[in-house]
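Student: return atomic coordinates for the entry below.
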Amino acid sequence: MATNYTNLDELRSQKRLLKQEIGELEDILTFKSKKDSLSVMTNGLTDKFLKETEDEDGEKSLALDTQNIMREISFGLKETASKRNVMSLANDTVQSGLLETTLKMGTVALVGNFAKKSVMNKSWKRKLVGLALIYVAPYALRFLRKKLDEYQRNKTASSLEKLI
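Tutor: All right, here's what the predicted structure looks like:
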């Protein structure tokens with residue numbers, strides 16, 4: 001396996017050739033820029049979303065191209081948001097109760113925020129109103145919800161009676 005060299009010059013020239021070959025292999029395996037290396041690894045998928053930036057020292061760094069990302073997102077939203085899709089989404093949300101849940105959460109957030117601001121107020125009257133909201137609002141909201149359900153049941157029953 002080992003090659004015998006007759007003089008030191010042959011060994012140095014062989015060493016030089018090996019260093020050149022290793023350098024060429026490193027050039028093939030490594031990339032000059034990070035963007036190019038990612039482009040090769042992802043088959044060009046990341047090209048649209050990355051950009052190279054230079055800092056004050058002249059060093060190149062990789063950054064997200066947020067403007068192009070937002071352009072791609074808005075283009076995708078424009079394609080998917082047609083009138084037909086929006087109407088079917090609205091119907092699905094009403095049928096699945098998502099709209100109802102959203103309204104409940106919004107009401108709770110509104111009342112909670114108002115109560116918090118009232119409790120933090122300097123006036124003792126406003127503090128009293130805030131505390132009353134905290135303790136009374138859940139009962140009032142349940143009562144309101146119960147009455148709305150009864151009203152809705154009565155309306156649907158009367159509508160069915162009219163149809164029959």
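Student: show me where pLDDT drops low in this structure?
Tutor: 1-3, 5, 28-33, 37, 40-41, 73-74, 76-100, 164 (pLDDT under 70).
Student: now the strands for it?
Tutor: Counting by DSSP state E, the chain has strands at residues 50-54, 60-64.
Student: strands paired with the last one, and their directions?
Tutor: If I follow you right, that is strand 60-64. strand 50-54 (antiparallel) (DSSP bridges).
Student: quick check: longest helix in this protein by residues?
Tutor: helix 124-163 (DSSP state H).
Student: pull out the buried positions in it.
Tutor: Buried residues in helix 124-163, counting neighbours by 16 or more other C-beta atoms under 10 Å, are found at 129, 130, 133, 137. Any C-beta I mention is one placed from the backbone N, CA and C, and that applies to glycine too.
Student: so the third one touches residue 111, yeah?
Tutor: Yes - the pair residue 133 and residue 111 passes the contact test of C-beta atoms under 8 Å, sitting 6.1 Å apart.
Student: which secondary structure elements does the longest helix of the chain contact?
Tutor: helix 98-120 (3 or more C-beta pairs under 8 Å, 6 or more residues apart in numbering; DSSP states H and E).
Student: quick check: buried residues in the helix it packs on?
Tutor: Residues 111, 115, 118 are the ones in helix 98-120 that count as buried (16+ other C-beta under 10 Å).
Student: may I see the residues you listed arranged in a markdown table, with distance to residue 34 as well?
Tutor: Formatted as a markdown table, those follow (distance: C-beta to C-beta, whole Å):
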| residue | distance to residue 34 |
| --- | --- |
| 111 | 51 |
| 115 | 52 |
| 118 | 54 |
